[in-house]
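Novice: Predicted model and sequence below, questions to follow.
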Amino acid sequence: MAVPVLHLCCGDSAAELIRAALALPDSAVLILRDDLAVGPLGDVDSDRPDARAAFWHAVFPDEDREAIETGGAFVDQLAAEAAALRGLPEAAEAFVIWHGNGAAEQLMLRRALRALRDAALPVRETAVAPDDRRGDGMTAVAMLERQHVPAAGAAARPVAADRRAALAAEWERLRADSGGLRHHRDGIITTHPIDTHDAEILAAVGDDWMPAGRAVGRPMGTITGFFATDAFCFWRLRQLAAQGKVEIEGSPTTIRGCRVRRTR
């Protein structure tokens, strides 16, 4: 059954915030969990996104992957998300898409508008204002303070037809692009090689043994254009180890289970 208004957002933290602040039932919020800023997008909207699932299977360390897959295999979760997006036109009478200016939420906006491209239904967007806490102005819905959520929701603006068409078309282009990494700055999404930030991640590794979590945490706070997660940075750290640029002591299957240092 269609709900009157369906709110779309990235991730459980954002969804919990919106539901609590606006007193919404679970059915009024669609949570989209795939971080579209990283990895191949070619089959992301298909019934069987095997390539994208394989990418995430490689990225997540064992403990994270096992926790995530308690909700089903990656490929099944990604397929369910794609199916939910295909079903958007029948899911609600109107939509509100919540987003900040990070690449993942901007890509989610474009993907959702692509799914709604032929639907003559009202679509509004709630754009979270830039945040100074990081120092680079990057923001995400989950960074909103709860007391500010109602005002942000009230400020949602209609997505004009030309903007809907342009962003939907951009999603098509980005999905076909072979780049492994996407940045968003000043309304423009650019694609980059997956190893674009390897030098920045390597720079956080010292000559002496240090907890992997510390090496991962530093670039998470400095990388701009998208919100680099601990899983992504730790994966790239493992790739640097495979290249012989860093050494890993302990189990590389968990961030908390190992130390790292520059190769001597």
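Specialist: Okay, I see it.
Novice: Distance check, Leu6 against Ala15.
Specialist: Summarising the geometry, the distance separating Leu6 from Ala15, computed by Cβ to Cβ, to the nearest Å, is 12 Å. Just so you know, the C-beta spots here come from the backbone N, C-alpha and C atoms, and that holds for glycine as well.
Novice: Who has more neighbours out of those two?
Specialist: Counted by other Cβ atoms under 10 Å, Leu6 and Ala15 do not tie: Ala15 has more neighbours, with 24 against 20.
Novice: Which neighbours do Leu6 and Ala15 have in common?
Specialist: Residues touching both Leu6 and Ala15 (Cβ atoms under 8 Å, 6 or more residues apart in numbering) are Val29.
Novice: name the helices or strands packed onto the helix or strand bottoming out on mean pLDDT in the chain?
Specialist: Sorting the helices and strands of the chain by mean pLDDT, DSSP states H and E puts helix 62-68 at the bottom, at a mean of 80. Contact here means 3 or more Cβ pairs under 8 Å, 6 or more residues apart in numbering; DSSP states H and E; on that basis helix 62-68 packs against helix 74-86.
Novice: May I see the buried residues of the helix it packs on?
Specialist: In terms of neighbour count (16 or more other Cβ atoms under 10 Å), helix 74-86 has its buried residues at Phe74, Val75, Gln77, Leu78, Ala79, Glu81, Ala82, Leu85.
Novice: what do you get for stretch 154-166?
Specialist: By neighbour count, with 16+ other Cβ under 10 Å as the criterion, the buried positions of stretch 154-166 are Ala156, Val159, Arg164.
Novice: what mean pLDDT does that stretch have?
Specialist: For stretch 154-166, the mean per-residue pLDDT is 96.
Novice: Over to that stretch now: how far is its first residue from its last?
Specialist: The first and last residues of stretch 154-166 sit 25 Å apart, counting by Cα to Cα, to the nearest Å.
Novice: Rebuild the buried residues of helix 74-86 as a markdown table, extending it with pLDDT.
Specialist: Putting the buried residues of helix 74-86 into a markdown table (pLDDT from 0 to 100) gives the following:
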| residue | pLDDT |
| --- | --- |
| Phe74 | 91 |
| Val75 | 94 |
| Gln77 | 95 |
| Leu78 | 96 |
| Ala79 | 97 |
| Glu81 | 97 |
| Ala82 | 98 |
| Leu85 | 97 |
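Novice: What segments of the stretch 151-264 of the chain are helices?
Specialist: For the stretch 151-264 of the chain, the helices identified by DSSP state H, counting those that start in this stretch occupy 161-176, 198-203, 212-222, 230-242, in order along the chain.
Novice: for the first one, packing partners?
Specialist: Yep, that's helix 161-176 we're talking about. Packed against helix 161-176, as judged by 3+ Cβ pairs under 8 Å, 6+ apart, are the following elements: helix 103-115, strand 188-192.
Novice: Leu41 is nearest to which of those?
Specialist: Smallest distance to Leu41 across these (Cβ to Cβ): 8.4 Å, for helix 103-115.
Novice: for the closest one, what is the average pLDDT?
Specialist: The model assigns helix 103-115 a mean pLDDT of 97.
Novice: and the closest residue to Ala83 other than its chain neighbours, how many neighbours does it have?
Specialist: Spatial nearest neighbour of Ala83, chain neighbours left out: Asp47 (7.7 Å); criterion: Cβ to Cβ, 6 or more residues apart in numbering. Using other Cβ under 10 Å, Asp47 has 9 other residues around it.
Novice: before we move on, what about Ala73?
Specialist: Ala73 is surrounded by 12 other residues when neighbours are defined as other Cβ under 10 Å.
Novice: repeat for Gln147
Specialist: By the measure other Cβ under 10 Å, the count of residues near Gln147 is 8.
Novice: Tell me how far it lies from Ala23.
Specialist: Gln147 sits 14 Å away from Ala23, taking Cβ to Cβ as the criterion.
Novice: Just the strands from the stretch 1-150 of the chain, written as ranges.
Specialist: Along the stretch 1-150 of the chain, the stretches classed as strands by DSSP state E, counting those that start in this stretch are 6-10, 29-32, 95-99, 123-127.
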